[in-house]
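J.: Need coordinates for the following:
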Amino acid sequence: MKSWNLDELNLKPRLPEILSSSEDARVIALDLAAGESLEEHEVHERAFVLVLAGEVKMTGNGGDIRGPQGTLVEIEPRERHRVEATADARLLLLLTPWPGDGHPGAMELREKLYTRRHAAKRGE
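T.: As a prediction, the model looks like this:
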C-alpha cells in the first residue's frame, strides 16, 4: 500500500510528478499557474482529471467545463482537449490503461520509427 498527501507535494508549475505507474494506470500530479495551459492535445488512454485546488477551464468534444476544486472530468481516449488554469490550480491525472493502444511507449522500435516518419510527412 502506498499513500501521498497531495496538498504537501512540492510541485513546480508545469513540471508534472508521476506518483505511480503500472500496466493498469499512471497517476500524475501537476500544478498550473493562473493563465497557463496544456494546449489542445490528446492522449491514447482514458484520462480522468481531478481538480484538487484552484480552478480550470477545460475544452473538448463535450464543450467547455469550468472546474473548481473537487471537479472530476473524464476524457475519452484520443479526445482532443485543452486545460487552462483560471486560477492557480493543482490537478491529479489518472491515465488508464497505461500505456494505451498506440502510445509510443507501447510500440516496438519499428512502429515508433514509422510513426515518427508519418508525423514528419504530415507536418510538411
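J.: going forward, measure contacts and count neighbours with C-alpha atoms only.
T.: Will do.
J.: Stretch 56-76: end-to-end distance?
T.: Terminal residues of stretch 56-76 are spaced 18 Å apart (CA to CA, to the nearest Å).
J.: Just the C-alphas of stretch 63-70, formatted as PDB.
T.: Taking C-alpha atoms only, stretch 63-70 is exported to PDB below (Å, rounded to 0.1, in the frame of the first residue of the first chain):
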ATOM      1  CA  GLY A  63     -17.900  21.700 -24.900                       C
ATOM      2  CA  ASP A  64     -16.500  23.800 -22.100                       C
ATOM      3  CA  ILE A  65     -16.300  22.900 -18.500                       C
ATOM      4  CA  ARG A  66     -15.400  25.200 -15.700                       C
ATOM      5  CA  GLY A  67     -13.800  23.100 -13.000                       C
ATOM      6  CA  PRO A  68     -13.500  24.400  -9.500                       C
ATOM      7  CA  GLN A  69     -11.900  22.400  -6.700                       C
ATOM      8  CA  GLY A  70     -13.500  19.000  -6.400                       C
END
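J.: Which parts of it count as buried, going by neighbours?
T.: 67-68 (16 or more other CA atoms under 10 Å).
J.: And it, how far out from the chain middle?
T.: 15 Å (CA atoms, centre = their mean, to the nearest Å).
J.: any idea of the mean pLDDT in that stretch?
T.: Mean pLDDT, stretch 63-70: 93.
J.: Tell me how many other residues surround Glu11.
T.: Just to correct that, residue 11 is Leu rather than Glu. 16 (other CA atoms under 10 Å).
J.: quick one: it and Asp31 touch, right?
T.: Yes. If you go by CA atoms under 8 Å, Leu11 and Asp31 touch, sitting 6.4 Å apart.
J.: so where's this structure uncertain?
T.: Scanning the chain for pLDDT under 70 picks out the ranges 99-124.
J.: mind listing the strands for it?
T.: Using DSSP state E, the strands of the chain run over residues 17-21, 26-32, 37-41, 46-60, 63-68, 72-75, 81-96.
J.: quick one, the longest one and strand 26-32 angle?
T.: What that stands for is strand 81-96. Following axes from the mean of the first three to the mean of the last three CA atoms, to 10 degrees, one obtains 150 degrees for the angle between strand 81-96 and strand 26-32.
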